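> Sequence and predicted structure are below.
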2 protein chains.
Amino acid sequence: MRYCKIPDEAVRRLPIYLRGLLFLSEQSKKSISSQSLADFLGINSWLIRKDFSYFGDFGTPGVGYNIEKLIKHIKKILKLHVGHKVALVGTGNLGRAVLAYPGFRIYGFDVAAAFDSDPKKNGRKINNVVVENISKLGRLKKGKIDLGIIAVPGDAAQEIADALVKAGIKGILNFSPYRIIVPKKIKVITIDIAMDLARLPYYMRSN
Amino acid sequence: MRYCKIPDEAVRRLPIYLRGLLFLSEQSKKSISSQSLADFLGINSWLIRKDFSYFGDFGTPGVGYNIEKLIKHIKKILKLHVGHKVALVGTGNLGRAVLAYPGFRIYGFDVAAAFDSDPKKNGRKINNVVVENISKLGRLKKGKIDLGIIAVPGDAAQEIADALVKAGIKGILNFSPYRIIVPKKIKVITIDIAMDLARLPYYMRSN
DNA sequence: CGGTTTTTGAGAATGTGAGCACTAATTTTA
DNA sequence: TAAAATTAGTGCTCACATTCTCAAAAACCG
């Protein structure tokens, strides 16, 4: 099974593993068995072993997995071994939430620029990031920023996406509920809060 | 294929269809073919037909699907035919973003209560919702609130979840990156922004 | 040093969803 | 009224993901 393509579903789980492993690493743990990690994360142990086996032998039978080694490898697969700079577009409630969110750091993300169309917000400093006018998006190229987050209200999303692509961004996290069309090279992940909430009642038991 | 269990993946797509159909309905369209809807949403037409066929015959060959009828049915399946009241816990940046988010309305959600542990915020009014102290969570039962959104920083999530369950909530949307353990009856959907961002670089082309 | 325990890794079996092609039904057009 | 065009519905196949099982490997213990 070694050296074959990693299934998409497994890639989706890698950040979960990474978060858990980073936590354990902070606790100065050196190694962990798939069973212990499974209990810790609430995932089946054989799923963890299978996922890890997609990218090589890392475990030692009788001992478990070397945490540091595994962290390094997962980071490399997810291309998180180098830090990534992120540009935020839209500094409304959601945008400010993104700027203040501490969770990006453990994955090596740095929200390094923020843009807003409202001239009144230009120059304002939020969480040590100066808000620039949206027309300055072209400047990104100099800053080695390769990811963009769209947090603008609805219908401006496509326009912003076009600008981000033009500025050389390689991936976009889109919080707007609108479909965004970009060149095939660019990966877009859309998070629509309302849509996720909308699936919740379906699973609710009435009793 | 009629009357069988709807696959989870199809359920996940229903809110997408619903959004599109509601939009078309506002444009006073009466019916639409699977092909047109597919083009509009950026999804394959046979996937749409297959998904719709899981819950009965709604289309007319040669014409397409009756939009209003379909909306009604999808809403019923997702249990959105009745409005749902939602309680928000945590009124930090993310919480305020949730309160201000206009996208919930089309699915019939109403964020009717907000709670925060910080006494300084009690009584404050955000988007016409009065922030109450977190100790008042028990009151929810009277308000027919059946969904909860957790938007508190990290480690308090489990505690809040317990309180929500105790207050009779049936489903939880969790924005914290921590695992939450609840009775099996309760459905939890977790959105971890950082984790979604973390899988973005994997798909990036370096050229 | 040999047996026991722990734990990985991989193969097999099962289940699920996506993609495709074809059929049948309805409307439109000639 | 008949033929053509449009479009839904469904059966089939393939790929993928999950689950289970088991043998091999390493460590531990007596």
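The structure has been received and is ready for your questions.

> contacting residues for residue A:86?
Listed by Cβ atoms under 8 Å, 6 or more residues apart in numbering or on different chains, the contact set of residue A:86 reads A:104, A:109, A:110, A:111, A:112, A:113, A:145, A:147, A:148, A:149, B:197. No exception for glycine: its C-beta is placed from N, CA and C like everyone else's.

> secondary structure element for the fourth one?
It stands for residue A:111. strand A:109-116 (DSSP states H and E).

> That strand pairs with which strands, parallel or anti?
Looking at strand A:109-116 with DSSP bridges, its partner strands are strand A:84-89 (parallel), strand A:129-133 (parallel).

> Now distance to DNA strand C too, for those strands, in CSV please.
Output for those, formatted as CSV (distance: least, Cβ to the nearest atom of the strand, whole Å):
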stretch, distance to DNA strand C
strand A:84-89, 28
strand A:129-133, 38
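
> ok, back up a step: close to chain B, is the helix or strand following the strand holding residue A:111?
Past strand A:109-116, further along toward the C-terminus, the next helix or strand under DSSP H and E is strand A:125-126. No. Judged by Cβ under 8 Å from any Cβ of the partner chain, strand A:125-126 makes no contact with chain B; its nearest approach is 9.8 Å.

> mean confidence for strand A:125-126?
Taken as a whole, strand A:125-126 has a mean pLDDT of 96.

> Contacts for it next, please.
Defining contact as Cβ under 8 Å, 6+ apart, one finds that strand A:125-126 is touched by A:91, A:96, A:99, A:100, A:114, A:131.

> now stretch A:48-57
If you take Cβ under 8 Å, 6+ apart as the criterion, stretch A:48-57 is touched by A:1-4, A:6-7, A:10, A:13-14, A:17, A:34, A:37-38, A:41, A:58-59, A:65, A:70, A:73, A:77.

> got it, and stretch A:12-27?
Residues outside stretch A:12-27 that contact it (Cβ under 8 Å, 6+ apart) are A:32, A:37, A:40-41, A:43, A:47-48, A:51, A:67-68, A:70-71, A:74-75, A:77-78, A:80, A:106-107, B:177, B:192, B:194-195, B:198-199, B:202.

> List the buried residues of that stretch.
Buried residues in stretch A:12-27, counted by 16 or more other Cβ atoms under 10 Å in any protein chain shown: A:13, A:14, A:15, A:16, A:17, A:18, A:19, A:20, A:21, A:24.

> Also stretch A:80-97?
When burial is assessed from 16+ other Cβ under 10 Å, stretch A:80-97 yields the following buried residues: A:80, A:84-97.

> remind me which residues of chain A are low pLDDT?
Low-confidence segments of chain A (pLDDT under 70): A:1-4, A:206-207.

> hmm, which of the contacts of residue A:86 are the buried ones?
With neighbours counted by 16+ other Cβ under 10 Å, these contain buried members at A:104, A:109, A:111, A:112, A:113, A:145, A:147, A:148, A:149, B:197.

> Most widely separated two among the residues you listed?
Longest distance between any two of these is 15.2 Å, between A:113 and B:197; criterion Cβ to Cβ.

> Tell me which residues of stretch A:97-107 come out buried.
Residues of stretch A:97-107 classed as buried by neighbour count (16+ other Cβ under 10 Å): A:97, A:98, A:99, A:101, A:103, A:104, A:106, A:107.

> hang on, the earlier thing: of the contacts of stretch A:48-57, which are in range of DNA strand D?
Filtering the contacts of stretch A:48-57 for neighbours of DNA strand D using Cβ under 7 Å from any atom of the strand leaves A:7, A:10.

> Just the contacts of stretch A:48-57: which are in helices?
Among the contacts of stretch A:48-57, DSSP state H puts A:10, A:13, A:14, A:17, A:34, A:37, A:38, A:41, A:70, A:73, A:77 in helices.

> Considering those residues, which is situated nearest to DNA strand D?
Closest to DNA strand D out of the ones in helices among the contacts of stretch A:48-57 is residue A:10 (6.2 Å), distances taken as Cβ to the nearest atom of the strand.
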